[in-house]
Every structure is written in C-alpha cells, then in structure tokens.
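Asker: next come a sequence and a model predicted from it.
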Amino acid sequence: MTSVIASARFSVLDRSRIREGRSPGEALRDTVELAREAEALGYHRFWVSEHHGVPGVAGSAPTVLAAAVAAATRTIRVGTGGVMLPNHNPLVVAEQFGVLESLFPGRVDMGLGRSVGFTTGVRKALGRDKEDAEDFAGRLQELLGWFRGTSPTGVRARPAEGLTVPPFVLAMGEGAAIAAEAGLPMVIGDLRNREKMLRGIDLYRTRFRPSEWAAEPYVIASGTIAVAATPEQARRLLVPEAWSMAYSRTHGTFPPLPPAERVEALAMSGRERGFYESGLTGQLAGTEEQVAHELETVLKETGAQEVLVTTSTYDREALLDSYRRLASVIGG
C-alpha cells in the first residue's frame, strides 16, 4: 500500500440493485448485509441511493434504508448518495435527517443530489418537473437553514434544528460550483471520465468558500472498482451492470442485473454492443496489484481525500470478494 492510498478514506455506495430471479426485498436486505461487511472491513462510510420507478433498483427511499443500515451496524458512517433534493420539500428532508441523527448521533451523512425523476411519468408522480433542478442552490440553502434555525417562516424543524449533519453535494455539471460556493464537501464521478472529473475538481477548488460546514475543499471521487484473482474475473464483474446500462440506453428502462454468462451469450445489436463495450472500458478493474496502481494514479491526479466505490454485479459472493480484496489493498 502506497502512502497516497494510505492517506485516503474509502467508502461504499450501494444502489440496492435487483438481481434477476430475486425480489426487491432481497435486494434491500442484501444492502444491509453489505453494510455489515463494509463495516467489518474498515470502510469509512456506507451510503444508499434514491431511484424512482426503476425496475432494476429497489432503493427508492434512502433515508428509510439508511435507518435500517444504521440500526444493523455500530461504527460506520451512514448516509445517502444521495437524496435528490429537487424531488422533496427541504423541511421534510431536514426532519428526516434530524430523526436519523437523533437516533444514531455522530454517524449520519446527508448526501444531496440535483437530479429529478428520470422519466416524465416519474416526475409527474412526484409532482416535479425539470425546472425544479434549476433552483438546487436555493433549496440547498433552505435545507441548511432548517438546521441553523434561520427559516423566516417562524416554523422550527424538529428534531433537526441545532443538530450537525454533515452535508455533501453530488456534483453533476453545475453541482461543482454550487458545492464550492456553499462551502460543502463534493462527491464527483465517474472515474472513467478523468478529464471531466479533473475539470470539475479544479472548478470546485478555485471557487470554494470556507463555511461552517467545511473550512477547506473536500473531494470524494466516485466510481466502480472491481477486484478479483485475475483481470478476466474482474472484468466479468462489470458485465451485468454494463449490459443493464446498455439496455437502458436502447430500450428506455433499467432492468435487473442478469448473470454474466447470459449477457455474454446475447446477440446484441450494433448500438447495444457499443454502449455495452463502453460500460466495460475505463473502469478500475483487475487484480489487487493492478487496482492499487490505478488508485495511486487517480488519487495523485485528483488530490481526492476519499474514494466512494459504487460497484454492482449479479454474483453477490464475487462482489463481496471484490470489496474484501479492495480492503486488503487500502489496508482496511
């Protein structure tokens, strides 16, 4: 383990991906079990995500799932990567995180994103539209205000007011500038598009304004990392997610994760094949030695203080093995 790797934190984001032949309930329980494993391996945080109306994702209520994760663990930090703030009233979000922090003091993170529902139908069901994402900075300040007790309405957010729940901004596009100007830590992905990531990090550091939440810039680089005994086995870990992404790009819906052998036997169209191959390239995948070398490069290039690992695959045992191997690389 190099000094640059040893000085960084490593955390896990799990999207509660549904596997073919298994139920959403099983996917959620798998997430909770993975959190226990991540804690035992020494990972710093365990975050869950928000998706609505997606056939292949069970995690639709991140604060509820975060509560289940926190209850099943003892020391690992627990949070969201993230709650999509345009989908929700800031007061309600503050109250939810206030409850979490009150139940699990000193362990809760509030990761916040700018995305609205993925499809027109989902946005309609949520009572939102694309324009709601445009006022993310305003919603963010309103949310933080509920914790400070500075709302002009006279309403008090209970039990959020006066609590400290560390906020993080998931940076997509303008998110880097918003995180910087609010003086908040930033989560940026993905590791495959290093050039775009570096531009976002440079923008963030240039515009950062110290705040009560962060005295200096804090960067979390997010992406897929797959570790196995051989490069070929590591690459196979990427296959189910790469196909699901390719299918969503060509059919408009994100399906459950299929086994790698079924994907490899498919007769794909040219367009499907293009998206599929793209999903397999540029990822951090390989043996422990190969991944350690790549991680060292990423951390030196980005200067990130933390890496958030977001790996998904059909074979759950192989996924657990990947996290164990990665823990051996980072000294967890």
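Answerer: Good, I have the coordinates.

Asker: hang on, isn't G286 packed against A234?
Answerer: Yes - contact between G286 and A234 holds when scored by CB atoms under 8 Å: they sit 5.1 Å apart. No exception for glycine: its C-beta is placed from N, CA and C like everyone else's.

Asker: how near is M110 to V69?
Answerer: Here M110 is placed at a distance of 14 Å from V69 (CB to CB, to the nearest Å).

Asker: hang on, I meant L163
Answerer: 19 Å.

Asker: when those two are compared, which one has more neighbours?
Answerer: The neighbour comparison of L163 against V69 (other CB atoms under 10 Å) goes to V69, with 27 against 18.

Asker: element containing that one?
Answerer: helix 62-72 (DSSP states H and E).

Asker: give the next helix or strand downstream of the lowest-mean-pLDDT helix or strand in the chain.
Answerer: When the helices and strands of the chain are compared on mean pLDDT, DSSP states H and E, helix 120-126 comes out lowest with a mean of 72. Going down the chain from helix 120-126, the next helix or strand is helix 136-148, by DSSP H and E.

Asker: show me the shaky parts of the stretch 51-200 of the chain.
Answerer: The stretch 51-200 of the chain contains residues with pLDDT under 70 at 117-119, 123, 129-133, 173.

Asker: got a list of contacts for stretch 316-332?
Answerer: The contact list for stretch 316-332, computed with CB atoms under 8 Å, 6 or more residues apart in numbering, reads 1, 5-6, 8, 10, 12, 19, 30, 34, 37-38, 41-43, 225-228, 233-234, 236-237, 288, 291-292, 295, 309, 311-313.

Asker: quick check on the residue lying closest to G145 once chain neighbours are set aside: phi, psi?
Answerer: Excluding the flanking residues, the one nearest G145 by CB to CB, 6 or more residues apart in numbering is S151, at 5.3 Å. With angles defined as degrees, to the nearest 10, S151 sits at phi -70, psi 130.

Asker: and if you look at the one 4 residues further on?
Answerer: For V155, the backbone dihedrals (degrees, to the nearest 10) come out as phi -80, psi 140.

Asker: neighbours of it, how many?
Answerer: 10.

Asker: residue contacts, the closest residue to it other than its chain neighbours?
Answerer: In this structure, V155 finds its nearest non-sequential neighbour in L91, 7.2 Å apart by CB to CB, 6+ apart. Counting by CB under 8 Å, 6+ apart, L91 makes contact with E142, W146, S151, V155, A157.

Asker: what is the most widely separated pair among those?
Answerer: E142 and V155 (11.6 Å; CB to CB).

Asker: ok, back up a step: what kind of secondary structure is the residue nearest to V155 in?
Answerer: What DSSP: H, G, I helix; E, B strand; the rest coil gives for L91 is helix.

Asker: quickly find the element holding the residue nearest to W243 when sequence neighbours are not counted.
Answerer: Nearest-residue entry for W243: V263, 4.3 Å, with adjacent residues in sequence omitted and distances by CB to CB, 6+ apart. Following DSSP H and E, one finds V263 within helix 260-264.

Asker: check the offset of the helix or strand just after that helix from the chain's centre.
Answerer: Next in sequence after helix 260-264, counting helices and strands by DSSP H and E, comes helix 270-280. Distance of helix 270-280 from the chain centroid (CA atoms, centre = their mean, to the nearest Å) equals 23 Å.

Asker: next: stretch 59-79.
Answerer: Per CA atoms, centre = their mean, the centroid offset for stretch 59-79 relative to its chain is 13 Å.

Asker: which residues sit against that stretch?
Answerer: So stretch 59-79 is in contact with 11, 14-16, 27-28, 31-32, 35-36, 38-39, 43-52, 80, 82-83, 93, 96-97, 99-100, 103-104, 107-111, 168, going by CB under 8 Å, 6+ apart.

Asker: go again with 6 Å.
Answerer: 15-16, 32, 35-36, 39, 45-50, 52, 80, 83, 96, 104, 107-109, 111 (CB atoms under 6 Å, 6 or more residues apart in numbering).

Asker: between the two ends of it, what distance do you get?
Answerer: One end of stretch 59-79 to the other measures 13 Å (CA to CA, to the nearest Å).

Asker: ditto for stretch 305-317
Answerer: First-to-last residue span, stretch 305-317, CA to CA: 29 Å.

Asker: what do you get for stretch 182-196?
Answerer: Terminal-residue distance, stretch 182-196 (CA to CA): 21 Å.

Asker: buried residues in it?
Answerer: A182, G183, L184, P185, M186, V187, I188, G189, L191, R194 (16 or more other CB atoms under 10 Å).

Asker: returning to what we had before: and the least confident helix or strand of the chain, how far from the chain's centre?
Answerer: That offset, for helix 120-126, works out to 22 Å (CA atoms, centre = their mean).
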